[in-house]
Structures are given as C-alpha cells and as structure tokens.
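K.L.:
with the sequence up front, the predicted model follows.
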Amino acid sequence: MQSQSASCRLAVAASLLVAGAVVTPAAWAKTHEITMTAVETDVVIDGSGEKYAAWTFDGQMPGPVVRVTEGDTINFTLRNPETNKNPHAMDFHAAEIDFLKNYRAINAGETISYTFVAKKPGIFFYHCGAPPMIQHIARGMFGAIIVDPKEAKAWPKADREYVLIQSEYFKNPGDVQAMFDRKFDGMMFNGGIFKYHPFVTGGGKLDAKPGERVRIYFVNAGPNEFSSFHPIGEIWDNVYESGNPANSLKGVQTYVVGPGSAATFDVVIESAGAYPLVTHSLTGALRGAIAVLLASPDAKPAPLMPMVPWKIATPQTEITPVPTP
Ligand SMILES: [Cu+2]
C-alpha cells in the first residue's frame, strides 16, 4: 500500500511537472506592452489628397502593425481620450479570451487593459467592436497582428514582406444605412484608393526584385465584401490560410478571403515587370483595390506597410483615368 501510494504521489508530482511545462512560458516567449489610442481624425484616402473623417487606432488607417512570436504574451491597453466623441473597443482575432470582459466598448476618457497569449501563428485581423461595429470598421478602426511561427523553418524564408489590408470606402462616414446596404464607393488597400497604383496621380507601388520570394500578409477588414485575391501575371506559389504554415496550399491563382479573415500569400517573381495584386471581384479592383508589385533589379528595401499614413506632398485635384487590368 505504502509503495503504491508513494508511486501514486510520484505520478501526481510527475503530472504536475508535465502540467507545469505546459503552462510555464517557454524560454523563447516574450512579453509585449502594447498601447493604442483611439483617435478620431481626418486621414488622406486618395492621391488627390482627399480627406476622410476617420476613426483610427493611433491616428492612422490601418492602425499600426503588431508583430509578435507564437507563444508571446501581449499586455494590451486601449486609451479613449476625453477629446473623442464615441465609445471604442479592441478585438484581437489572435487572442482566445472572454469577449464580454475584454472587448467591451469604453467611453471617451476611459482606458481598458487585458492580457492574452498569442498561441497560434498567423496573420490576424484586429478591429474596434463598438456599436455599430460596421461603422467603426468602415471608418478605419482596423489593423493586423502578425504572429510569427516559433519555428522559423516552418515555411520558406521570405526575401521581402508586406502587409496589405483591404477595406471598403463609404464617402459619407455618417451613413450607416449605406454600410448595411453594401453601397460602398471605393475599395482600399491599406486605407487608400489606388494607393499603390503608379499610373494614378499620387499613387505609389510595392517594390520587389526578380527572383525574390515576396510574402504578403493579407487581411480583409470588410466590413462586408469578400476579397478574391489574385496576382496578375503571376501565380501564388503558396497560400497559408490564416497565415498558419500548417495550412499550406500550392500553385493558387486566386484565393478568397472573407471579411474578418486573413491569409498569407507567397509569390516568387519570375522576371522583372509589373504584377498588379487585385481583388478579382472587379467592382472592388476597379474602384481602388489594385496594388502594383513592381519587380526591378534595383528595388530598394521597403517598410512592411508603405505609405501609411499617406502623406501627399502637393495636393492634386485630378486623378488620371485608370487603365483596365
Ligand atoms: Cu471604435
């Protein structure tokens, strides 16, 4: 009996050790202190310098990219300054925590904090969830969090990386009914209409070199429309559903990303030239959702989310007609 009970105690101790190994943060895991501020402000939404009365995280549309590694802890704080007029909230799709407690809206003058562990690798949407959520997202309260896999070898190494977030533009930011009726006036990548279209006045581009593996972390902020993401003149070498290396598809021409979802797209550029990345739902592409990936041997390094915020040096008044892709 005694030896049985001793072995039983040993078994319990061993199981506690095993449990401890599971709950104790791993050696590689880090803790990130991330604070964002809800800012109700005007932002530039096209190459003419047109302003839009946005609601944002940290004054930019999209909000800043958050980047952590699988297993990391995020201590997040949202500030809603007294100068704002509306309640705001934050919902991280990378988190697995109680919605009622953590994603509740806070009034102007209030602050909320919560903690989560980014347990699953991928590219995830984040957004304000204050009612009416459809308006808070349409007006600009969205962004992306990249959770890098803890094993870098889980997928091929990328030579160049971009974050691209699709969202709808409603010219009257106060017309919530138009948002419910899906009457969008434009489609944006990274908060701008034709932001990365070099043939459009004020437009830029996404740079790459021939032969590079370009990784696009793609988020569809919606609020309503599906994206049919396609590289004109190329084929996605790999698509990773939700950006998880375990969810790998190969040789994909077009991949649908629904509102509130995300995927990671790898393309290896075969030769120099222009490769427009579009939603092949053409009502969206022809109203703004075209990002030209320009492959040239002298391409310079670029930030993860170029031209955010969009600064127009000299405000223009006319937009050049856009050639049909
Ligand atoms: Cu909000």
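P.N.:
Good, I have the coordinates. Numbers count the residues shown, from 1 in each chain.

K.L.:
residues contacting stretch 74-89, please?
P.N.:
For stretch 74-89, the external contacting residues (C-beta atoms under 8 Å, 6 or more residues apart in numbering) are 31-40, 55, 66, 68, 90, 92, 95, 103-118, 128-130, 136, 141. Using the backbone N, CA and C atoms, a C-beta is placed for each residue, glycine as well.

K.L.:
which ones among the residues you listed map onto strands?
P.N.:
Of the contacts of stretch 74-89, the ones assigned to strands by DSSP state E are 31-40, 55, 66, 68, 92, 110-117.

K.L.:
write the PyMOL selection for whichever of those are buried.
P.N.:
Written as a PyMOL command, the selection of buried residues from these, which uses 16 or more other C-beta atoms under 10 Å, is:
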select buried, resi 36+37+38+39+40+55+66+68+92+112+114+116+117
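
K.L.:
where does pLDDT dip in the stretch 201-325 of the chain?
P.N.:
When the per-residue scores of the stretch 201-325 of the chain are filtered using pLDDT under 70, the ranges that remain are 313-325.

K.L.:
what segments of it are strands?
P.N.:
Using DSSP state E, counting those that start in this stretch, the strands of the stretch 201-325 of the chain run over 206-208, 213-222, 227-231, 236-241, 248-252, 255-257, 261-268, 273-279, 290-295.

K.L.:
of those strands, flag the one that's most buried.
P.N.:
The highest mean neighbour count among those, using mean count of other C-beta atoms under 10 Å, belongs to strand 213-222: a mean of 25.

K.L.:
got the CA coordinates for it in CSV?
P.N.:
Provided in CSV are the C-alpha atoms of strand 213-222 (Å, rounded to 0.1, in the frame of the first residue of the first chain):
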residue,chain,number,x,y,z
ARG,A,213,10.0,35.4,-52.5
VAL,A,214,7.6,38.2,-51.6
ARG,A,215,5.3,37.4,-48.7
ILE,A,216,2.0,39.3,-48.5
TYR,A,217,0.2,39.2,-45.1
PHE,A,218,-3.3,39.9,-46.4
VAL,A,219,-6.3,40.9,-44.2
ASN,A,220,-9.8,41.6,-45.3
ALA,A,221,-11.2,44.2,-43.0
GLY,A,222,-14.5,44.4,-44.9
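
K.L.:
what's that strand packed up against?
P.N.:
Contacts defined by 3 or more C-beta pairs under 8 Å, 6 or more residues apart in numbering; DSSP states H and E place strand 213-222 against strand 122-127, strand 142-148, strand 160-169, strand 227-231, strand 255-257, strand 261-268.

K.L.:
partner strands of the fifth one and their direction?
P.N.:
Yep, that's strand 255-257 we're talking about. Neighbouring strands of strand 255-257 in its sheet, by DSSP bridges, are strand 227-231 (antiparallel).

K.L.:
any idea how far the partner strand is from the chain center?
P.N.:
For strand 227-231, the separation from the chain centroid amounts to 15 Å (computed by C-alpha atoms, centre = their mean, to the nearest Å).

K.L.:
let's see that strand as PDB, backbone CA atoms only.
P.N.:
This file holds the C-alpha atoms of strand 227-231, laid out as PDB (Å, rounded to 0.1, in the frame of the first residue of the first chain):
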ATOM      1  CA  SER A 227     -11.900  39.600 -51.500                       C
ATOM      2  CA  SER A 228     -10.800  37.300 -54.400                       C
ATOM      3  CA  PHE A 229      -7.000  38.000 -54.100                       C
ATOM      4  CA  HIS A 230      -5.100  37.400 -57.300                       C
ATOM      5  CA  PRO A 231      -1.600  38.400 -58.700                       C
END
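
K.L.:
now residue 301: how far from residue 90?
P.N.:
Separation of residue 301 from residue 90 (C-beta to C-beta, to the nearest Å) stands at 31 Å.

K.L.:
what is the residue nearest to the spatial centre of the chain paired to in the beta sheet?
P.N.:
With distances taken as C-alpha atoms, centre = their mean, residue 144 lies nearest the centre of the chain, 2.8 Å away. According to DSSP bridges, the partner residues bridging residue 144 are residue 125.

K.L.:
correct me if wrong: residue 226 contacts residue 255.
P.N.:
No. In this structure residue 226 lies outside contact range of residue 255 using C-beta atoms under 8 Å: 10.8 Å.

K.L.:
cool, thanks, signing off.
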